[in-house]
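In: Sequence and predicted structure below; questions after.
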Amino acid sequence: MRAPDLFHALVLLNLLFACGLWTLLRPSGRAALVLIVVGIAWVIWNKPLEGSTMIRITDRHGITESDLLSLVALWIAFWACTRAYRRAPTRNDV
């Protein structure tokens, strides 16, 4: 697999922010699913924008500053799913 360049990493970062904002504004299961997929893609392809390593796992791998954005994305997706579940109509409401 080819290493991502700075442009593609910036596009993915903007997509992560846009999906996160969309999920916050219109919480739904589909929006949360898209945010989770983009968050996972961010962890895989964020190499040009990683920053410093906060927790070292091995000599070549660790948790970086930009990996925290994926954790925030997962938290927003979890929040959106719980909110969408609470809003879902039950059989008694219909």
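Out: On my side now, so go ahead.
In: list the buried ones in whatever helix or strand Ala84 lives in?
Out: Here Ala84, judged by DSSP states H and E, is contained in helix 67-87. For helix 67-87, burial by neighbour count (16 or more other CB atoms under 10 Å) applies to 67, 69-70, 73, 76-77, 80-81, 84. Quick note: C-beta positions are derived from backbone N, CA and C, even for glycine.
In: go on, stretch 58-69?
Out: So for stretch 58-69, counting by 16+ other CB under 10 Å, buried means 64, 66-67, 69.
In: Show the average pLDDT along that stretch.
Out: Average pLDDT, stretch 58-69: 85.
In: okay, that stretch in PDB with CA atoms only?
Out: The C-alpha atoms that make up stretch 58-69 are tabulated as PDB, following Å, rounded to 0.1, in the frame of the first residue of the first chain:
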ATOM      1  CA  THR A  58       6.600  -0.800  19.900                       C
ATOM      2  CA  ASP A  59       9.600   0.900  18.400                       C
ATOM      3  CA  ARG A  60       7.700   1.800  15.200                       C
ATOM      4  CA  HIS A  61       4.100   2.000  16.500                       C
ATOM      5  CA  GLY A  62       2.300   4.000  19.100                       C
ATOM      6  CA  ILE A  63      -0.600   6.300  19.900                       C
ATOM      7  CA  THR A  64      -0.100   9.800  18.400                       C
ATOM      8  CA  GLU A  65      -1.800  13.100  19.000                       C
ATOM      9  CA  SER A  66      -3.900  12.800  15.800                       C
ATOM     10  CA  ASP A  67      -5.200   9.400  16.800                       C
ATOM     11  CA  LEU A  68      -7.200  11.200  19.600                       C
ATOM     12  CA  LEU A  69      -9.400  12.700  16.900                       C
END
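In: hang on, the earlier thing: nearest to Phe17 among the buried residues of stretch 58-69?
Out: Leu69 (8.6 Å; CB to CB).
In: Touching, the closest one and Leu16? I think so.
Out: Yes: between Leu69 and Leu16 a contact is recorded at 6.3 Å, counting by CB atoms under 8 Å.
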